[in-house]
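Novice: Need a 3D model of the following:
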Amino acid sequence: MNQLSLEILRAFDRVQQNARKIFQKTASDHNLSIPQLVLLTKLAPQIEMTQKELGKETQLPKSTLSQAVDGLVLAGLIHRHPVEDNRREMQLILSEKGKEFFDTIWVQKGSIHHAFECALQTFTEKQSEDFLAALLQIALFLEKEITEQGE
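Specialist: Here you go, the predicted structure:
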């Protein structure tokens, strides 16, 4: 492994570790479990998804997913309804309370979302565009590797 790729991997690791710490604090500050905040983060932009789709997106174990969904339903942050064509499948819909809650967290100082926003504001527009393009290129390459390995 050459020195540059090792340094990039270490930088990814640092970003991931620090993001995880801020994410955990964000969840804790709002009386959420980490899986619950993960679900809200995935569900909020879509507004609604099936529980199965959300499970695929988050790769959470089914029991963890179910517990997190139950907690969010009890808190009134999401609604859960059977899918019309498949009564065994559940449609998850972000409630108005959930939308307001997520929007508040998104901009709150100290949250993971706010931290990323502030970090990106230190970039020029060109740096942001180049950074995003590089990350997407790496993501696509890794996805191709996973597909080729039969995952």
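Novice: quick one, strands of this protein?
Specialist: Ranges of strands in the chain, per DSSP state E, are 48-50, 78-82, 90-94.
Novice: Just want the angle from the last one to strand 78-82.
Specialist: This points to strand 90-94. 160 degrees (axes from the mean of the first three to the mean of the last three Cα atoms, to 10 degrees).
Novice: chain center to stretch 135-142, what's the gap?
Specialist: How far stretch 135-142 lies from its chain's middle: 17 Å, per Cα atoms, centre = their mean, to the nearest Å.
Novice: name the helices or strands packed onto the least confident helix or strand in the chain by mean pLDDT?
Specialist: Here the helix or strand of the chain ranked lowest by mean pLDDT, DSSP states H and E is helix 112-120, holding a mean of 89. Using 3 or more Cβ pairs under 8 Å, 6 or more residues apart in numbering; DSSP states H and E as the contact test, the elements touching helix 112-120 are helix 3-29, helix 96-107. From N, CA and C alone the C-beta is placed, and that goes for glycine too.
Novice: and the first one, what does it pack onto?
Specialist: I take that to be helix 3-29. Counting by 3+ Cβ pairs under 8 Å, 6+ apart, helix 3-29 packs on helix 34-46, helix 112-120.
Novice: try 10 Å this time
Specialist: helix 34-46, helix 96-107, helix 112-120, helix 125-148 (3 or more Cβ pairs under 10 Å, 6 or more residues apart in numbering; DSSP states H and E).
Novice: Cool, thanks, signing off.
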